[in-house]
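[1] the sequence isn't on hand, but the structure is:
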């Protein structure tokens, strides 16, 4: 019996299979089985998988008629033999030590679920960034193992409702007696919501171990056989089943916050009009009544809070659509900066912030905060402070700062690798991971071209 079963469905994605399978076979932990489920493809995807099966008996292939990812994952679950299960997709590329780190965390903590941080990769721009919604460490105050007795106000926000950044104990999934919805989209919600809510222990691994590729054609979730609004119908059923009589009020509140954020996100993301109207009506007629106590503190970005408030006062879906285009955040706009702009919507006003910026990024961000008075205390540290001190800028060295004095430590750089290196250094120096926010500041190409 393998320690881990990896389940991955695919549909007409012949070109992505080789990259995915190779990365799985490169894992530092080798005690796994890879279960590939062909969701009725009409390309040569199954032939590609079969070639790998002939070389490695850890790989299995199952084929079903086209029915969607949900049914494909359910089929994979019936075949899984591992003590732990992870659910991946061809557009998820795990680091080589992904399985090893997740498995070790599960064994050390005895958790039912382990969640890690992840990255997002934009193919068209060839840019990889930290994906904040996979590990919102600012919500957990340094606590990285939750059990049922702990406060669960942010249960569904801390690590997101994603499959691909989590490892599940097989026996626990069997105890849940739940499965994936047999739909094309949002099929994962019934399982992941129930799993997070019922778990006796959830371990959070604040390390980026997997990359999620967007702007890649993911045929598996094409909506050609979608007959209804999956999001509305699935989340309604989840609420009725899990929360209508739930005693865990904080978990229920967390689910409502998830619904709020999902609805405003979907309506700003270009869904078709008939789906847009369904989501709008759902938000106005049902979610609004459940979310009476939602305040600004629940929203990471001010623009989402503004959209939610607009939703409450809008008269129709057309009214909301037209007015939402003119929404602007109330953060400073008249600041002087050269190329990089301070991420005001990440940082609470009148808080204390330590800027860990690389060269000109740190300079630009520090000057903006100083000019606006946005934060009550701001300090800038740099690897080579002498480079800017001669210009009269108050930059200090890493070793001259008491890291625990600040509400937020903002780590900024253009490249993901630079951010990761700075974060590791800060953690080694004793910084709290829960205070660190990683950001690639907005790069103003026009100003860069003009040489300002």
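    The structure has been received and is ready for your questions. None of the values given here were measured: they were computed from a predicted structure.

[2] ok, residue 242 touching residue 192?
    No - here residue 242 lies out of contact with residue 192, judged by C-beta atoms under 8 Å, at a distance of 11.6 Å. For every residue, glycine as well, the C-beta is placed using N, CA and C.

[3] those two: which has the busier surroundings?
    residue 192 (22 against 19; other C-beta atoms under 10 Å).

[4] give me phi/psi at the more buried one?
    phi -70, psi -40 (degrees, to the nearest 10).

[5] excluding its backbone neighbours, what's nearest it?
    residue 161 (5.0 Å; C-beta to C-beta, 6 or more residues apart in numbering).

[6] how much space between the one you found and residue 123?
    In this view, residue 161 and residue 123 are 23 Å apart by C-beta to C-beta, to the nearest Å.

[7] cool, and residue 408?
    If you measure residue 408 against residue 123 using C-beta to C-beta, the figure is 31 Å.

[8] more neighbours: which of the two?
    Set side by side, residue 408 and residue 123 show more neighbours around residue 408, with 17 against 12, by other C-beta under 10 Å.

[9] per-residue pLDDT, the more buried one?
    You'll see residue 408 listed with a pLDDT of 89.

[10] touching, it and residue 355? I think so.
    No - with contact defined as C-beta under 8 Å, residue 408 does not reach residue 355; the gap is 9.4 Å.

[11] and the contacts of stretch 242-262?
    With C-beta atoms under 8 Å, 6 or more residues apart in numbering as the test, stretch 242-262 has contacts from 151-157, 161, 193-194, 197, 231, 235, 238-239, 283, 287, 290-291, 293-294, 298-299, 304, 308.

[12] could you rerun that using 6 Å?
    152-156, 197, 287, 290-291, 298, 308 (C-beta atoms under 6 Å, 6 or more residues apart in numbering).

[13] and those residues, which two are the farthest apart?
    Farthest-apart pair in the contacts of stretch 242-262 is 197 and 308; separation 23.3 Å (C-beta to C-beta).

[14] just how off-centre is stretch 250-266 within its chain?
    Relative to the centre of its chain, stretch 250-266 is centred 14 Å away, using C-alpha atoms, centre = their mean, to the nearest Å.

[15] in it, what counts as buried?
    251-264, 266 (16 or more other C-beta atoms under 10 Å).

[16] closest to residue 378 among those residues?
    Using C-beta to C-beta, these come closest to residue 378 at residue 261, 29.2 Å.

[17] and the closest residue in space to residue 299 that isn't next to it in sequence, what element?
    In space, residue 299 comes closest to residue 305 once its chain neighbours are excluded; the distance is 4.1 Å by C-beta to C-beta, 6+ apart. Using DSSP states H and E, residue 305 sits in helix 302-313.

[18] tell me what that helix is packed against?
    Applying 3 or more C-beta pairs under 6 Å, 6 or more residues apart in numbering; DSSP states H and E, one finds that helix 302-313 contacts helix 249-267.

[19] after the helix it packs on comes which helix or strand?
    Next element after helix 249-267 (DSSP H and E): helix 273-282.

[20] contacts for that following helix?
    Contacts to helix 273-282, defined as C-beta under 6 Å, 6+ apart, come from residues 229, 232, 263, 266-267, 317.

[21] who does the residue lying closest to residue 76 once chain neighbours are set aside bridge with?
    Using C-beta to C-beta, 6+ apart and skipping the chain neighbours, the partner closest in space to residue 76 is residue 7 (3.5 Å). Beta-bridge partners recorded for residue 7 (DSSP bridges): residue 35, residue 87.

[22] quick check: residue 7 vs residue 432, distance?
    In terms of C-beta to C-beta, residue 7 sits 35 Å off from residue 432.

[23] these two: which has the busier surroundings?
    Higher neighbour count among residue 7 and residue 432: residue 7, with 25 against 15, using other C-beta under 10 Å.

[24] confirm for me that that one is in contact with residue 35.
    Yes - counting by C-beta atoms under 6 Å, residue 7 touches residue 35, with 4.9 Å between them.

[25] coming back round to it: the residue nearest to residue 192: how many residues sit nearby?
    Residue 161: 20 surrounding residues under other C-beta under 10 Å.

[26] next one: phi and psi at it?
    Torsion angles, degrees, to the nearest 10, at residue 161: phi -100, psi 50.

[27] mind giving me the domain ranges of the protein?
    4-218, 230-324, 340-450 (automatic domain parsing).

[28] so which of these is the most packed in?
    domain 4-218 (a mean of 19; mean count of other C-beta atoms under 10 Å).

[29] nearest to residue 413, of the contacts of stretch 242-262?
    residue 154 (27.4 Å).

[30] now the closest one: which helix or strand?
    Taking DSSP H and E as the definition, residue 154 sits outside all helices and strands.

[31] and what of residue 362?
    helix 360-372.

[32] same deal with residue 85?
    Short version, using DSSP H and E: residue 85 is in strand 84-87.

[33] report all helices and strands that that strand contacts.
    Under the contact definition 3+ C-beta pairs under 6 Å, 6+ apart, strand 84-87 sits against strand 4-10, strand 166-169.

[34] quick one: distance of that strand to the chain centre.
    Per C-alpha atoms, centre = their mean, the centroid offset for strand 84-87 relative to its chain is 18 Å.

[35] identify the residues contacting that strand?
    By C-beta under 6 Å, 6+ apart, strand 84-87 touches 4-7, 163, 167-170.

[36] mind checking how far stretch 427-438 is from the chain centre?
    That offset, for stretch 427-438, works out to 19 Å (C-alpha atoms, centre = their mean).
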